[in-house]
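[1] After the sequence you'll find the predicted model.
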Amino acid sequence: MDHLSEAARLRRAVVRLNRRLRQERGEGGLSPNQLAVLGHLHRYGPATPGEIAAAERQRPQSLTRVYAELEDEGLISRERGTDDRRQSVLSLTEPGRRALERDMAERDAWLAQALGTLGETERGVLTLAAAVMERLGSLEPDAED
């Protein structure tokens, strides 16, 4: 069965909602790459720069400046690895956690208000869709074949 038209419609909807959520972020907020790094450390705990880059499907060099900015702002800390002293391990600091939560709260507030304009059935459908989208988002690249 060909799911291309369904995929295109879902992609367009996700892109549009994501764009709208980005508009709800406060001025001077975190960049998308900064959010990705902080979010990864929040979800999975301390990690090496290479582990974060791989999880975010970026080259480690692409995030070097982001790591430095976050460290300079006190949002992450860097320590030497215990297994390999040449390796550094990044951790989320308390100010980093608060910055991430503040950023998410701004978008969550708008989304909660928008959800209030929907009916109960529509909100139920979106709750189910969110669970399915989480599952799709966590598929391994090999599982997509």
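    All right, it came through fine. Residues are numbered from 1 along each chain as shown.

[2] Could you measure from G39 over to R12?
    In this structure, G39 and R12 are 24 Å apart, going by C-beta to C-beta, to the nearest Å. The C-beta positions use only the backbone N, C-alpha and C, and glycine is treated the same way.

[3] quick one: which of the two has more around it?
    A count of neighbours by other C-beta atoms under 10 Å puts G39 above the other of G39 and R12, at 17 against 10.

[4] Go ahead and confirm the more buried one touches L100.
    Yes - using C-beta atoms under 8 Å, G39 makes contact with L100 at a distance of 6.6 Å.

[5] Give the residues shared as contacts by those two.
    Contact with both G39 and L100 is made by no residue, according to C-beta atoms under 8 Å, 6 or more residues apart in numbering.

[6] OK, contacts around S91?
    S91 neighbours (C-beta under 8 Å, 6+ apart): L41, G45, P46, I76, S77, R78, E79.

[7] what pairs with the last one across the strands?
    Just to be clear, that refers to E79. V89 (DSSP bridges).

[8] which residues sit against stretch 36-44?
    In contact with stretch 36-44 (C-beta under 8 Å, 6+ apart) are residues 30, 47, 52, 55-56, 63, 66-67, 70, 75-76, 90-92, 96-97, 99-100.

[9] Alpha carbons of it, as PDB, please.
    In PDB, the C-alpha atoms belonging to stretch 36-44 read as follows (Å, rounded to 0.1, in the frame of the first residue of the first chain):
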ATOM      1  CA  ALA A  36      18.400  20.000  20.900                       C
ATOM      2  CA  VAL A  37      21.500  19.700  23.100                       C
ATOM      3  CA  LEU A  38      19.800  20.700  26.300                       C
ATOM      4  CA  GLY A  39      16.800  18.500  25.500                       C
ATOM      5  CA  HIS A  40      19.100  15.500  24.900                       C
ATOM      6  CA  LEU A  41      20.900  16.000  28.200                       C
ATOM      7  CA  HIS A  42      17.600  16.400  30.000                       C
ATOM      8  CA  ARG A  43      16.200  13.200  28.500                       C
ATOM      9  CA  TYR A  44      19.200  10.900  28.600                       C
END
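
[10] Any buried residues in that stretch, and which?
    Within stretch 36-44, the residues scored as buried using 16 or more other C-beta atoms under 10 Å are A36, V37, L38, G39, H40, L41.
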